[in-house]
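>>> Just the structure for this:
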Amino acid sequence: MKHSTSPSKPAVIEKKYLVPFILITSLFALWGFANDITNPMVAAFQTIMEIPVSEAALVQFAFYGGYGTMAIPAALFVRRFSYKKGILLGLALYAIGAFLFIPAAQFEQFTFFLLSLYILTFGLAFLETTANPYIISMGDEATSTRRLNFAQSFNPMGSLLGMTVASNYVLTSLDSEKRDAAGNLIFHSLGEAEKAVIRTHDLEIIRNPYVIIGGVVLLVFVIIALTKMPRTQSAEAKNIRAIDSARRLLRNHNYREGVLTQFFYVAAQIMCWTFIIQYAENIGIPKAVGQRWNILAMSLFLTSRFISTYLMKYLRPSSMLTLFAAGAMTTTLGVIFIGGMTGLYCLVATSVFMSLMFPTIYGIALKGLGDDSTLGAAGLVMAIVGGALMPPLQGAIIDLGTIAWLPAVNASFVLPFICFTVICIYGLRTNRRRIMG
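Next up, the predicted model:
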């Protein structure tokens with residue numbers, strides 16, 4: 001099971017790629033911020049707009065639907081032009097979507113916010129489709145999964161910042177979150193005129209961090225535009241027809257199963273991090289405090305990702321994926337059947353096991369694809385649409401109130417459990433292929 005640690009082993013990051021690696025890795029934090037400041041917005045819009053959980057979860061449908069829409073166009077753009085131009089276009093779309101929160105807050109239309117998020121994630125689709133294979137291509141293929149895991153380790157830093165802003169600024173500043181002495185929301189008992197004033201104030205609170213991150217994204221755009229970026233082998237493979245790449249990818253069992261697995265992983269991640277607030281509320285914890293549990297989960301996720309990246313020096317990525325998926329299945333069973341504070345602890349602990357899944361599935365699926373990796377990456381980014389489709393389904397389950405003897409919010413975590421089971425099977429299958437091969 002152990003790999004050799006001989007001195008001739010290729011470096012994870014070669015010196016000639018150090019500056020481009022740092023710049024591209026900074027993008028992982030940028031989309032991490034957008035991902036995780038948005039998750040608690042489901043709960044915030046649910047109260048402010050007075051809509052059911054299933055409708056509020058359309059925030060995730062718009063957000064991750066943008067990935068599904070733009071991943072293939074992004075890959076074709078990168079094949080036609082270059083990784084650098086793909087990144088610049090992604091940053092521009094990210095900034096446009098963020099700045100659209102200004103008119104969205106002004107018109108106070110939920111659909112306008114959804115449209116802004118949809119366009120913002122066009123940019124994220126460009127960035128993820130481009131940055132992941134670009135990082136993989138910056139060095140020897142033997143170290144590509146470790147290199148991608150290391151770069152992805154900076155994604156939770158952006159996520160943590162997004163969660164902190166959501167918890168300490170957005171959720172705590174919402175007037176619609178004020179409660180009476182018994183802990184019940186008072187917003188729903190107010191008159192329409194009072195609600196309108198509070199709604200205007202709260203939508204401006206939601207708008208502000210997106211406008212600020214839009215400015216940061218523009219600054220990064222200028223820095224990368226002025227920096228000379230390396231042209232790697234895959235970036236120059238412009239003469240390969242996309243249809244030929246697609247046929248080869250469809251015939252590749254490892255890749256095909258990887259895309260399906262990534263769909264279920266992203267769905268599980270988004271469900272665990274979005275509905276932790278509803279899970280906490282069900283045991284009497286307010287939204288802002290519930291979001292702090294989310295921050296703890298992300299801190300454990302970040303720490304575990306660095307540790308698991310190091311352990312990959314000794315263990316096969318597919319073996320670690322299998323073990324971590326089995327761990328996530330176990331904690332999710334605790335979320336469903338134990339409940340209470342212990343169930344919340346299990347939900348937080350699930351993030352430890354999720355930490356290596358995205359980049360590891362990504363790296364395994366793209367292994368050996370060579371010049372097909374750009375289009376292959378698009379398929380994996382499209383799989384992020386799992387985060388759009390399954391959260392509304394979980395929201396609909398939560399709206400039921402109770403299922404048999406369980407609170408519906410507990411029972412709804414059967415969906416992440418199914419997702420982790422799929423990931424565990426993929427880990428077993430890829431590990432077996434490696435042993436047999």
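>>> Please count neighbours and contacts with C-alpha atoms only from this point.
Noted.
>>> Could I get the phi/psi values of Arg179?
phi -120, psi 160 (degrees, to the nearest 10).
>>> For it, give me its contacts.
Arg179 is in contact with 185-186, counting by CA atoms under 8 Å, 6 or more residues apart in numbering.
>>> Looking at strand pairing, list the partners for it.
Taking DSSP bridges, one finds Leu185 as the beta-bridge partners of Arg179.
>>> Can you tell me how far it is from Ala166?
Applying CA to CA, to the nearest Å, the value for Arg179 to Ala166 is 19 Å.
>>> Ser299 and Gly158 touch, don't they?
No. Counting by CA atoms under 8 Å, Ser299 sits too far from Gly158 to count as a contact (11.2 Å).
>>> what about those two, which has more around it?
Gly158 (23 against 19; other CA atoms under 10 Å).
>>> and that one, what element?
If you go by DSSP states H and E, Gly158 is part of helix 155-165.
>>> what element comes up after that helix heading to the C-terminus?
helix 172-173.
>>> which residues of the protein fall in strands?
Along the chain, the stretches classed as strands by DSSP state E are 402-403, 406-407.
>>> Can you pull out the residues in contact with stretch 395-406?
With CA under 8 Å, 6+ apart, stretch 395-406 has contacts from 52-54, 57, 337, 407-409, 411-412.
>>> now with 6 Å?
Residues outside stretch 395-406 that contact it (CA atoms under 6 Å, 6 or more residues apart in numbering): 53-54, 408-409, 412.
>>> Can you give the distance of it from its chain's centre?
25 Å (CA atoms, centre = their mean, to the nearest Å).
>>> tell me the helices in the stretch 151-300 of the chain, going along the chain?
Counting by DSSP state H, counting those that start in this stretch, the stretch 151-300 of the chain has helices at residues 155-165, 172-173, 192-225, 242-251, 253-274, 276-282, 287-311.
>>> out of those, nearest to Gly363?
Gly363 sits nearest to helix 253-274 of all the helices of the stretch 151-300 of the chain, at 9.3 Å, using CA to CA.
>>> ok, and the closest non-adjacent residue to Ile361?
The shortest distance from Ile361 to any non-neighbouring residue, by CA to CA, 6 or more residues apart in numbering, is to Gly258 (6.2 Å).
>>> The one you found against Ala365, yeah?
Yes. Gly258 lies in contact with Ala365 (CA atoms under 6 Å); the separation is 5.0 Å.
>>> where does Val217 sit relative to Ala71, distance-wise?
As for Val217, its distance to Ala71 is 20 Å (criterion: CA to CA).
>>> and which of the contacts of stretch 395-406 is nearest to Arg305?
Arg305 lies nearest to Ser412 out of the contacts of stretch 395-406, by CA to CA, at 26.4 Å.
>>> List the residues that contact the closest one.
Ser412 neighbours (CA under 6 Å, 6+ apart): 394, 397.
>>> same thing with Pro73?
Per CA under 6 Å, 6+ apart, neighbours of Pro73: none.
>>> Tell me how many other residues surround the residue lying closest to Tyr17 once chain neighbours are set aside.
Nearest in space to Tyr17, with sequence neighbours left out and distances taken as CA to CA, 6+ apart, is Met138 at 6.4 Å. Neighbours of Met138 under the rule other CA under 10 Å: 24.
>>> any idea how far the closest residue to Ala62 other than its chain neighbours is from Ile96?
Once flanking residues are discounted, Ala62 sits nearest to Tyr118: 5.0 Å by CA to CA, 6+ apart. Tyr118 sits 11 Å away from Ile96, going by CA to CA.
>>> for Ala326, same thing?
Separation of Ala326 from Ile96 (CA to CA): 41 Å.
>>> name the helices or strands packed onto the helix holding Gly158?
Applying 3 or more CA pairs under 6 Å, 6 or more residues apart in numbering; DSSP states H and E, one finds that helix 155-165 makes contact with helix 18-38.
>>> List of residues touching the helix it packs on?
Residues outside helix 18-38 that contact it (CA under 6 Å, 6+ apart): 151, 154-155, 157-159, 162-163, 166.
>>> If you count neighbours, what's buried in it?
The neighbour-count check on helix 18-38 (16 or more other CA atoms under 10 Å) flags 20-21, 24-38 as buried.
>>> Any stretches of the stretch 101-250 of the chain with poor pLDDT?
Applying pLDDT under 70 to the stretch 101-250 of the chain flags residues 183, 233-240.
>>> rerun that using 50 as the cut-off
Flagging of the stretch 101-250 of the chain using pLDDT under 50 yields the residue ranges 235.
>>> Pull the distance from stretch 389-407 to the chain's centre.
Mean-position distance between stretch 389-407 and its chain equals 22 Å (CA atoms, centre = their mean).
>>> wait, what's in contact with Tyr362?
Neighbours of Tyr362 in contact, by CA under 6 Å, 6+ apart: none.
>>> Any figure for the gap between it and Tyr265?
As judged by CA to CA, Tyr362 and Tyr265 stand 11 Å apart.
>>> Figure out which of the strands of the chain is closest to Glu281.
Checking the strands of the chain against Glu281 by CA to CA gives strand 406-407 as the closest, at 11.8 Å.
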